[in-house]
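In: Pasted the sequence and its predicted model underneath.
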Amino acid sequence: MLFFEQSFLVFFFLFSSCYWALSPARHPLLILLFSYAFYAAWDWRFLSLLLLSTTVDYACANLMRRKRRKTVLLMVSLSTNLGLLMVFKYYDFFIQSFADLVGVTLSDAWLLQVILPAGISFYTFQTIGYTVDVYRGRVKPEKNPITFAAFVAFFPQLVAGPIERAGDLLPQIVRETRFSVLNLALGGRLFLFGLFKKLVVADTLGRFVDPVFADPGGADPLVLLLAAYAFAFQIYCDFSGYTDMARGLAKTIGIDLSINFNAPYFASSIRDFWQRWHVTLYSWLRGYVYRPLGGSHGG
């Protein structure tokens with residue numbers, strides 16, 4: 001169920017109607033129910049992975065309140081989340097690459113051959129960030145399992161980001177919000193802008209790029225050059241357009257999601273580019289991988 005499909009528009013109309021009809025105390029539960037329904041529409045079987053990740057991280061974070069075996073609990077959380085990510089996203093790739101390297105033909109029994117679970121990288125990184133922040137004492141463990149599950153599965157950013165920090169998104173889920181014409185207008189405008197980038201720009205460029213890339217040997221050098229530049233704008237408008245739609249949907253109900261693209265093609269260097277492209281992933285890697293491993297501290 002994609003954001004620009006008619007079925008999603010009906011889905012979101014039902015969600016927003018219920019959201020404003022119910023009291024703010026019911027909003028986290030409503031978000032959770034609609035988020036699970038949204039994810040199940042992609043493939044209901046992978047809903048179990050989302051539930052497993054949510055349950056493990058909720059339990060580990062709340063057990064950290066006792067300040068005993070915090071490191072062990074963190075390792076349980078990391079092992080579960082990264083294990084799921086490695087098995088379902090990278091296992092087939094690595095084992096097939098190794099077989100190709102040593103010249104071995106693998107039978108189907110060695111490969112999982114499963115469809116990649118939608119959004120697994122985004123919600124995995126988001127829950128890892130939460131447990132690490134609890135471990136560091138930067139956020140308090142969320143006691144309400146409904147609220148925490150809604151934070152993990154919040155459907156506008158579930159399958160394509162941005163990757164949110166618990167300290168930013170969790171308070172907004174439980175915050176009392178009222179209907180706002182301004183938020184509706186701002187969110188609607190952002191959604192339409194993202195829709196334009198995705199359907200008009202990205203998809204139009206794709207109709208030129210895809211045939212050229214499918215048979216590069218049969219294209220003129222100038223056409224190849226134009227296709228390369230067109231692809232750069234296609235992938236940007238596709239990804240950032242979907243993110244803008246997600247931010248717009250969230251804004252209509254008073255929730256602000258992080259900016260994920262900041263004019264990356266105006267960057268002055270490679271480093272500046274990665275600070276502007278997929279901003280929340282860059283921030284996540286810097287905060288939870290680079291710096292803990294000694295980056296920027298001479299480690």
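Out: Noted; the coordinates are in hand.
In: Any regions of the stretch 1-150 of the chain where pLDDT drops low?
Out: Scanning the stretch 1-150 of the chain for pLDDT under 70 picks out 91-94, 96, 98-100, 102-115.
In: Could you rerun that using 90?
Out: Flagging of the stretch 1-150 of the chain using pLDDT under 90 yields the residue ranges 1-2, 42-46, 65-69, 84-121.
In: The stretch 151-299 of the chain now?
Out: Where the stretch 151-299 of the chain drops to pLDDT under 90, the residues are 159-161, 176-178, 214-220, 271, 274, 290-299.
In: 70 instead, please
Out: Using pLDDT under 70, the stretch 151-299 of the chain drops low at 296-299.
In: all helices for it, in order.
Out: Per DSSP state H, counting those that start in this stretch, the stretch 151-299 of the chain has helices spanning 166-174, 181-195, 203-214, 221-252, 270-276, 279-285. These are given in chain order.
In: okay if I get those helices as TSV plus distance to Val76 and mean neighbour count?
Out: The C-beta positions use only the backbone N, C-alpha and C, and glycine is treated the same way. Formatted as TSV, the helices of the stretch 151-299 of the chain follow (distance: least, Cβ to Cβ, whole Å; neighbours: other Cβ atoms under 10 Å):
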stretch	distance to Val76	mean neighbour count
helix 166-174	18	18
helix 181-195	38	16
helix 203-214	43	15
helix 221-252	30	19
helix 270-276	31	14
helix 279-285	20	19
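In: Which of the ones you listed sits closest to Ala118?
Out: Across those, Ala118 has its closest neighbour in helix 221-252 (12.4 Å, Cβ to Cβ).
In: Would you mind getting the angle between that closest one and helix 181-195?
Out: If you take axes from the mean of the first three to the mean of the last three Cα atoms, to 10 degrees, helix 221-252 sits at 160 degrees to helix 181-195.
In: which helices and strands does helix 221-252 pack with?
Out: helix 181-195, helix 203-214 (3 or more Cβ pairs under 8 Å, 6 or more residues apart in numbering; DSSP states H and E).
In: Out of these, flag the one nearest Phe125.
Out: Smallest distance to Phe125 across these (Cβ to Cβ): 21.6 Å, for helix 181-195.
In: got CSV for the helices of the stretch 151-299 of the chain, with distance to Ala21 too?
Out: Shown next, in CSV, are those (distance: least, Cβ to Cβ, whole Å):
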stretch, distance to Ala21
helix 166-174, 18
helix 181-195, 15
helix 203-214, 35
helix 221-252, 15
helix 270-276, 40
helix 279-285, 32
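In: Tell me which of the ones you listed sits nearest to Ser258.
Out: Nearest to Ser258, of the helices of the stretch 151-299 of the chain and by Cβ to Cβ, is helix 279-285 at 5.2 Å.
In: any idea how far the closest one is from the chain center?
Out: With Cα atoms, centre = their mean, to the nearest Å as the basis, helix 279-285 stands 11 Å off its chain's centre.
In: one step back: to Phe155, which of the helices and strands packed on helix 221-252 lies closest?
Out: Ranking those by proximity to Phe155 (Cβ to Cβ) places helix 181-195 first, at 14.0 Å.
In: which residues touch the closest one?
Out: 3-4, 240-254 (Cβ atoms under 8 Å, 6 or more residues apart in numbering).
In: which one of the helices of the stretch 151-299 of the chain lies closest to Phe261?
Out: Nearest to Phe261 among the helices of the stretch 151-299 of the chain is helix 221-252; the distance by Cβ to Cβ comes to 4.1 Å.
In: what angle do the closest one and helix 166-174 make?
Out: 50 degrees.
In: relative orientation of helix 221-252 and helix 203-214 in degrees?
Out: Between the axes of helix 221-252 and helix 203-214, defined by the same axes, to 10 degrees, the angle is 140 degrees.
In: thinking again about what came up before, with respect to Leu84, which of the helices of the stretch 151-299 of the chain lies nearest?
Out: The nearest among these, by Cβ to Cβ, is helix 279-285 at 17.1 Å.
In: now the farthest one out in this structure, which residue is it?
Out: Relative to the mean C-alpha coordinate of the chain, counting by Cα atoms, centre = their mean, the farthest residue is Asp220 (37.8 Å).
In: Surely Val212 and Ala219 touch.
Out: Yes - Val212 lies in contact with Ala219 (Cβ atoms under 8 Å); the separation is 5.0 Å.
In: Overlap in contacts, those two.
Out: Common neighbours of Val212 and Ala219, using Cβ under 8 Å, 6+ apart, are Ala227.
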